[in-house]
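J.: Provided below for reference: sequence and predicted model.
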Amino acid sequence: MNAERATRRFFATDPGSLAKKLIGQTLVRVLDDGTRLAGIIVETEAYLGQRDKAAHSYKLHRSARNEPMYAPPGTAYVYFTYGMHHCFNVVAGAIDEPVAVLIRALEPQEGESLIRLNRSRGDERRRENLRISDLCSGPGKLCQALHIDRSLNGVDLAMDPRLFILRTKTRRVADTKLTNTVRVGIDSAGDWKNRRLRWYLTASPHVSVRKGQNPRRQPV
DNA sequence: ATGACGATTTACT
DNA sequence: GTAAATCGTCATA
């Protein structure tokens, strides 16, 4: 209802603002066979570029890996980490300004059965036991769930048929429904690890980690 | 050429 | 709580 594909203009803002705007919007992945997988974005983190010690683009570092961060806003930056996981970012700001928003968690919306299969690694027992809140509750999990890998690195989210953001124009999640806290997994970022550049939908059970709470012990 | 490490996830003690 | 899995990237030589 009243949903439109996000255009370049939507992404052309500072990463903190985009991180907040993205909460509540829908991430859509269309597979080559036309299958559609989607989820509502419930958790994001902003990476501020040149001055941000936790960003891949700290001090304007530029390499083959993070090249998409220098591309126009609305570009996908997908990278491979820990030898086994992918992370998906939305490039923000302006061209040659390497800032981005990491998408950290989704509430599954379309294609749950295939998402469940993607997350089960061929283990039927595991597929049955996965809770809905385990499907996309982390940056690596949601990439595995929606088949997002380096083949989508650098694509234009405003134009590419395989990956885009569906934006509900008349709705926007109120700040009062969001928790704003420190980013996850950036322990070596010095004082930047204390900056509150992470946002999540406070009431959502699909968030990756909560302050002082082990996600594995969350009730169904 | 080599070694350390990572914007993570999972299983296990 | 701790540790393993697993490999591309980066800094150093």
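T.: Yep, that arrived. Residues are numbered from 1 along each chain as shown, chains lettered A, B, ... in the order given.
J.: for the most centrally placed residue in chain A, give me its contacts.
T.: Nearest to the mean C-alpha position of chain A, counting by Cα atoms, centre = their mean, stands residue A:103 at 1.2 Å. By Cβ atoms under 8 Å, 6 or more residues apart in numbering, residue A:103 lies in contact with A:22, A:27, A:41, A:43-44, A:88-90, A:139, A:142. Placement of C-beta: from N, CA and C, glycine included.
J.: and it, bridged to which residues?
T.: residue A:44 (DSSP bridges).
J.: any idea how far it is from residue A:75?
T.: 14 Å (Cβ to Cβ, to the nearest Å).
J.: show me whatever sits in contact with both of those two.
T.: residue A:90.
J.: and DNA strand B, which of the contacts of residue A:103 contact it?
T.: Restricting the contacts of residue A:103 to those within reach of DNA strand B (Cβ under 7 Å from any atom of the strand) leaves A:89, A:139, A:142.
J.: just the pLDDT at the residue of chain A found nearest DNA strand C, thanks.
T.: DNA strand C sits closest to residue A:83 of chain A, with a gap of 2.8 Å, by Cβ to the nearest atom of the strand. Here, the pLDDT recorded for residue A:83 equals 97.
J.: again with residue A:213
T.: 46.
J.: and what of residue A:217?
T.: Listed pLDDT for residue A:217 reads 39.
J.: wait, does the helix or strand harbouring residue A:117 contact DNA strand B?
T.: When elements are assigned from DSSP states H and E, residue A:117 belongs to helix A:112-118. No - judged by Cβ under 7 Å from any atom of the strand, helix A:112-118 stays clear of DNA strand B, getting no closer than 10.3 Å.
J.: which strands and helices lie in contact with that helix?
T.: Counting contacts by 3 or more Cβ pairs under 8 Å, 6 or more residues apart in numbering; DSSP states H and E, helix A:112-118 is packed against helix A:139-146.
J.: list the contacts of the helix it packs on.
T.: In this structure, residues lying in contact with helix A:139-146 by Cβ under 8 Å, 6+ apart are A:27, A:29, A:37, A:39, A:78, A:81-82, A:84-88, A:102-106, A:108, A:115, A:118-119, A:134-136, A:148-149, A:208.
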